[in-house]
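>>> Model the structure of this input:
(one chain, ligands or ions: 1)
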Amino acid sequence: MRRFERKQNVFANKDALGESYQPDQIEERDEEIEEYMHALQPIIDGWEPNNVFVYGNTGVGKTAVTEFLLDQLQSDVTAYDDIELSVIFLNCKTLNSSYQVAVELVNKLRQPGNEISSTGYPQQTVFNKLFDELEAIGGTVLLVLDEIDSIGKRDELLYELPRARAHDNLEETKIGVLGISNDFKFRDELDPRVQDTLCERELQFPPYDAPELENILQSRADVAIREGSVADGVLGFCAALAARDSGSARQALDLLRLAGEVAESEDATCIELEHAEQARSRLERERVEEGMRELTTHGRLALLAVVSKTAKQETPCRTRAVYDEYASLCESAGTDTLAQRSVHNHLADLRMLGILSASENRSGSRGNYYSYELNVPFTSAIEAMSDVLRLSPEIETIREIGLMNDIT
Ligand SMILES: Nc1ncnc2c1ncn2[C@@H]1O[C@H](COP(=O)(O)OP(=O)(O)OP(=O)(O)O)[C@@H](O)[C@H]1O
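Predicted coordinates for the structure are as follows:
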């Protein structure tokens with residue numbers, strides 16, 4: 001049997017491409033940093049902090065920039081004796097109401113063994129306990145609530161916190177709330193009174209473009225990858241793919257890390273383009289599989305219908321044509337067919353998941369219609385389908401037709 005053996009032929013510090021790594025340097029965000037510093041300036045000046053709302057798509061540096069700037073702020077603030085700054089960071093991902101967030105904050109601020117239980121109190125009692133804890137800290141407290149959208153519509157705490165001094169819930173402590181979110185709808189759906197205070201200062205982080213992502217990758221690769229271990233064009237390839245898809249630095253970093261893993265598993269000493277290609281198709285396949293897990297059987301059959309049309313070189317194609325293909329797959333699977341309207345909804349879901357793309361066509365007086373095609377490689381889709389659908393002979397036939405037509 002093969003034994004474990006250390007392989008470090010490509011990576012110098014692989015963790016530097018991971019999520020928990022905090023970069024020493026933030027690239028390509030000078031304007032946002034300037035605006036952010038402006039919003040935080042009252043803290044250094046000794047006034048009440050602004051409430052700040054930071055939003056932008058996933059992976060665009062909201063958390064990284066916030067952590068970087070708050071570290072800097074905490075260090076700069078030590079030059080002023082009259083300012084006591086405490087920063088409390090809470091990720092709200094698993095907390096879906098004001099009540100839960102307040103309990104979590106109270107427990108974070110209390111000594112171990114003195115925590116409160118997460119159920120059983122009236123909401124206002126928990127809020128009061130939180131105010132007591134905050135008052136005990138004194139000075140300036142900045143509450144950073146990451147993924148704040150998880151709180152949903154039960155956002156009373158976001159109303160109460162910024163008004164705590166005005167409502168005499170806090171006397172000594174000056175409080176600021178810094179909310180971070182990638183859900184654009186959340187901000188718009190907030191109670192207008194919450195919106196007024198919470199979004200006192202708004203910072204929007206746009207998606208990165210390809211050159212920006214390449215610079216971010218380069219600065220991470222300098223730490224993470226051995227010198228000379230990444231071939232020309234690899235960083236550009238990862239950056240271009242992520243820019244085209246999401247503009248997310250996380251996606252670009254994940255791609256580079258996986259490309260490095262592929263290279264290491266092949267005992268290569270340098271990450272070549274072909275490793276990045278393999279990483280791309282693996283990530284895409286994972287994305288299709290992940291998306292497909294959420295689909296119902298009919299959603300999967302609708303997708304298989306588009307895959308089949310792709311094999312026959314008949315995409316982009318209209319809902320009607322996808323529907324006919326879908327109906328015959330249902331027959332093979334021994335399943336009743338849904339109405340065309342429902343299949344249309346499944347196609348729209350697949351488009352939202354990024355598995356299909358659609359182009360809108362105008363057909364004069366009869367209105368507009370969509371044509372669908374696969375937005376992921378044929379091979380990734382067919383592999384993923386054969387894992388989740390029990391239609392082996394049909395899937396094999398589609399694969400063969402695709403092969404015959406040179407579809408990859
Ligand atoms: N400008 C940048 N310079 C260096 N690294 C960056 C930059 N922007 C993002 N990153 C890195 O990309 C990854 C994702 O960034 P981050 O977690 O800050 O995104 P986010 O906008 O907070 O996303 P989400 O909404 O999903 O939490 C992290 O590893 C982060 O260090």
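>>> Now do the SS call for the most centrally placed residue in the chain.
Of all residues in the chain, the one closest to the mean position by Cα atoms, centre = their mean is residue 58, 3.6 Å from it. Assigned with DSSP: H, G, I helix; E, B strand; the rest coil, residue 58 falls in the coil class.
>>> got the contact list for the nearest residue to it once chain neighbours are set aside?
Spatial nearest neighbour of residue 58, chain neighbours left out: residue 182 (4.8 Å); criterion: Cβ to Cβ, 6 or more residues apart in numbering. C-beta here means a position set from N, CA and C on the backbone, and glycine is covered the same way. Going by Cβ atoms under 8 Å, 6 or more residues apart in numbering, residue 182 touches 55, 56, 57, 58, 62, 147, 149.
>>> Going along the chain, name the helices of the stretch 1-150 of the chain.
Under the criterion DSSP state H, counting those that start in this stretch, the stretch 1-150 of the chain contains helices at 30-45, 62-76, 98-109, 123-137.
>>> closest to residue 296 out of those?
In terms of Cβ to Cβ, the element of the helices of the stretch 1-150 of the chain nearest to residue 296 is helix 98-109, at 30.5 Å.
>>> among the contacts of residue 182, which are within reach of the ligand?
When Cβ under 6 Å from any ligand atom is applied, the members of those adjacent to the ligand are 56, 58, 62.
>>> Could you measure from the nearest residue to residue 242 once chain neighbours are set aside over to residue 274?
When the adjacent residues along the chain are set aside, residue 242 lies closest to residue 252, with 3.7 Å between them (Cβ to Cβ, 6+ apart). The span separating residue 252 from residue 274 equals 18 Å under the rule Cβ to Cβ, to the nearest Å.
>>> Counting neighbours, go ahead and name the busier of those two.
residue 252 (30 against 15; other Cβ atoms under 10 Å).
>>> what about the nearest residue to residue 76 once chain neighbours are set aside, distance to residue 85?
Closest residue in space to residue 76, ignoring its immediate chain neighbours: residue 44 at 6.7 Å, by Cβ to Cβ, 6+ apart. The span separating residue 44 from residue 85 equals 9 Å under the rule Cβ to Cβ.
>>> Compare those two (neighbour count), which wins?
Comparing residue 44 with residue 85 by neighbour count (other Cβ under 10 Å), the higher total belongs to residue 85, at 20 against 16.
>>> right, and the more buried one touches residue 72 too?
No: the pair residue 85 and residue 72 does not pass the contact test of Cβ atoms under 8 Å, sitting 11.8 Å apart.
>>> any low-confidence regions in the stretch 51-200 of the chain?
Low-confidence segments of the stretch 51-200 of the chain, defined by pLDDT under 70, are absent; every residue clears the threshold.
>>> and residue 240, that one's in a helix?
Yes: counting by three-state DSSP, one finds residue 240 located in a helix.
>>> Skipping adjacent residues, who's closest to it in space?
Taking Cβ to Cβ, 6+ apart as the measure, residue 240 lies nearest to residue 210, with 4.8 Å between them; neighbours along the chain are not counted.
>>> How much space separates the one you found from residue 238?
When distance is defined by Cβ to Cβ, residue 210 is 10 Å away from residue 238.
>>> Looking at the two, which is more packed in?
Between residue 210 and residue 238, residue 238 has the larger neighbour count (other Cβ under 10 Å), namely 29 against 18.
>>> Where does the stretch 1-150 of the chain get nearest to the ligand, residue-wise?
Checking the stretch 1-150 of the chain residue by residue against the ligand with Cβ to the nearest ligand atom singles out residue 61 as nearest, at 2.8 Å.
>>> mean confidence score for stretch 224-241?
Model confidence over stretch 224-241, given as mean pLDDT, is 94.
>>> Just confirm yes or no for that stretch near the ligand.
No: counting by Cβ under 6 Å from any ligand atom, the ligand has no neighbours in stretch 224-241; the shortest distance is 11.1 Å.
>>> can you pull the buried residues of that stretch?
Of the residues in stretch 224-241, those buried under the neighbour-count criterion (16 or more other Cβ atoms under 10 Å) are 224-226, 229-231, 234-241.
>>> neighbouring contacts of that stretch?
By Cβ under 8 Å, 6+ apart, stretch 224-241 touches 8-17, 210-211, 213-214, 216-218, 221, 251-252, 255-257, 259-260, 263, 269-273, 275-277, 280.
>>> Drop anything exposed from these.
Neighbour-count burial (16+ other Cβ under 10 Å) applied to the contacts of stretch 224-241 gives 10-11, 14, 16-17, 210, 213-214, 216-217, 221, 251-252, 255-257, 259-260, 263, 270-272, 275-276, 280.
>>> sec struct for residue 177, please.
Of the three states, residue 177 takes strand under three-state DSSP.
>>> got a list of what it touches?
For residue 177, the contact set (Cβ under 8 Å, 6+ apart) comprises 51, 52, 143, 145, 158, 161, 162, 198.
>>> Pretty sure the fourth one sits against residue 186.
No: using Cβ under 8 Å as the test, residue 145 is too far from residue 186 to be in contact (11.7 Å).
>>> between those two, which one's more packed in?
Here residue 145 and residue 186 are set side by side on neighbour count (other Cβ under 10 Å), and the busier one is residue 145, at 26 against 20.
>>> Okay, the residue nearest to residue 242 and residue 148: tell me how far apart.
Relative to residue 148, and taking Cβ to Cβ, residue 252 is found at 25 Å.
>>> shared neighbours, residue 44 and residue 85?
With contacts defined as Cβ under 8 Å, 6+ apart, the residues shared by residue 44 and residue 85 are 73, 77.
>>> where does the residue in the stretch 201-350 of the chain that the ligand sits nearest to fall, phi/psi-wise?
Residue of the stretch 201-350 of the chain nearest the ligand, by Cβ to the nearest ligand atom: residue 249 (3.4 Å). Phi and psi for residue 249, reported as degrees, to the nearest 10, are phi -70, psi -30.
>>> what pLDDT does it get?
On the pLDDT scale, residue 249 gets 95.
>>> All set now, cheers.
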